[in-house]
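Asker: kindly generate the corresponding structure for this input.
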Amino acid sequence: MSRLSLLVFAGLLTIGGAAQAQNWPDTLFSERSHDFGMVPRGGVVRHPFVLTNKLNVPISILNLRVSCGCTSGTASASVVQPGKTAIIEAQMDTRNFVGPKATTLFVSVMAGNQESEIGLGVRSMILSDVVLNPGTIEFGQVSRGQSPSQVLAIDRIGKPDWKIVKLTSSSKAITASLQETQRANGSVGYQLTVALRPDAPAGILRDELRLITNDPETPSIPVPIGGQIRGELSATPASLALGSVNSAAAVQGKFVVRASKPFAIAKVEGNGEGFSLQAADTARKPLHILNLTYNPAQSNTRGDLSRSFRITTDLPGEAPVDVSATLHVEP
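Answerer: Purely as a prediction, here's the structure:
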């Protein structure tokens, strides 16, 4: 085959690949909408949408925006490598609404030099006669071994024979108890107490407890449970601000990872697109310094950037620690 023929053939392959790549956003999510069903007013319900990278290049999650202030979203990673997944969690706050509510979480992503936005829809029927106060059980940051408890009030108006007959949860990190506090004048009240088990594993706590009722219209009520259980490991800073950098200069920073006993850094996730986070050495010791470098020449993205990293160690039973970096790259 002549050199001219080879060039023409390569051009046809490039055009064909580009045409096929136009549909890549449709491959990211197998589920694009979720119905929470009937939920009590005052609660915060959430749903994980799974993003799967089926391409042969990394996918960057650039931004999340919502069509309504009642909804928010978080991403478990800023970059998803080929063959890997990330969780886009949609959260709907029902405190200020009743009746049907639908909203969209928009996810901006980039693969190579192609940018796209995908809409993830969530909807619910917010009940006016069932109220949770507060809407979630949130433990915040807790050291492993501690056993704090939280109390939530449940009120049902206008249905005097309403009962919560059972609590269900698959979580091994919590214990829960329920006590009826009121049944008079057409109103029913309960108090839900949720405690964190002292042997709960370190890491992010994202669980759900369900209240099973005798009402066929609202047979179960979800109660989200969240928090972060800190283990032996800690990383400082949790978020590193690198400031501004021009398109020709690299910038550097450091993270310090500590534990009460010696350990080694087993893996660092999140490198790429100009970011490189590396441990200074592979020795087992109670303190490690990880050097972060951002090189604008290795990325086409400019403007405000945020990058998340996950650091895994060889300490048995210890969850990875997550850190992040932010900076502004001048054009």
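Asker: could I get the full set of strands for the stretch 51-200 of the chain?
Answerer: Assigned by DSSP state E, counting those that start in this stretch, the strands in the stretch 51-200 of the chain fall at 59-66, 71-75, 79-80, 85-93, 99-111, 114-133, 137-143, 149-157, 164-168, 174-184, 187-196.
Asker: show me the domain layout of the chain.
Answerer: Annotated domains of the chain cover 3-127, 136-230, 234-329 [automatic domain parsing].
Asker: would you single out the least confident of those domains?
Answerer: Lowest mean pLDDT within the domains of the chain: domain 3-127, a mean of 81.
Asker: which one, of the strands of the stretch 51-200 of the chain, ends up nearest to Val245?
Answerer: Checking the strands of the stretch 51-200 of the chain against Val245 by Cβ to Cβ gives strand 59-66 as the closest, at 17.6 Å. For the C-beta atoms, the positions are set from N, CA and C on the backbone; glycine is no exception.
Asker: which strands or helices does that closest one pack on?
Answerer: Helices and strands touching strand 59-66, by 3 or more Cβ pairs under 8 Å, 6 or more residues apart in numbering; DSSP states H and E, are strand 71-75, strand 79-80, strand 85-93, strand 99-111.
Asker: closest to Ser177 out of those strands?
Answerer: Ser177 sits nearest to strand 85-93 of all the helices and strands packed on strand 59-66, at 26.2 Å, using Cβ to Cβ.
Asker: what's the angle between that closest one and strand 99-111?
Answerer: Relative orientation of strand 85-93 versus strand 99-111 (axes from the mean of the first three to the mean of the last three Cα atoms, to 10 degrees): 150 degrees.
Asker: restrict strand 85-93 to CA atoms and write it as PDB.
Answerer: What follows is strand 85-93, C-alpha atoms only, in PDB (Å, rounded to 0.1, in the frame of the first residue of the first chain):
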ATOM      1  CA  THR A  85     -16.400   3.400  38.400                       C
ATOM      2  CA  ALA A  86     -17.400   6.400  40.500                       C
ATOM      3  CA  ILE A  87     -20.500   7.200  42.500                       C
ATOM      4  CA  ILE A  88     -22.500  10.300  41.800                       C
ATOM      5  CA  GLU A  89     -24.800  10.700  44.800                       C
ATOM      6  CA  ALA A  90     -28.000  12.800  44.500                       C
ATOM      7  CA  GLN A  91     -29.500  14.100  47.700                       C
ATOM      8  CA  MET A  92     -33.000  15.600  47.900                       C
ATOM      9  CA  ASP A  93     -33.900  17.800  50.900                       C
END
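Asker: give me the contacts around it.
Answerer: Residues from elsewhere that reach strand 85-93 (Cβ atoms under 8 Å, 6 or more residues apart in numbering): 34, 36, 44-53, 61, 64, 70-77, 80, 101, 103, 105, 107, 120, 122, 124, 135, 206.
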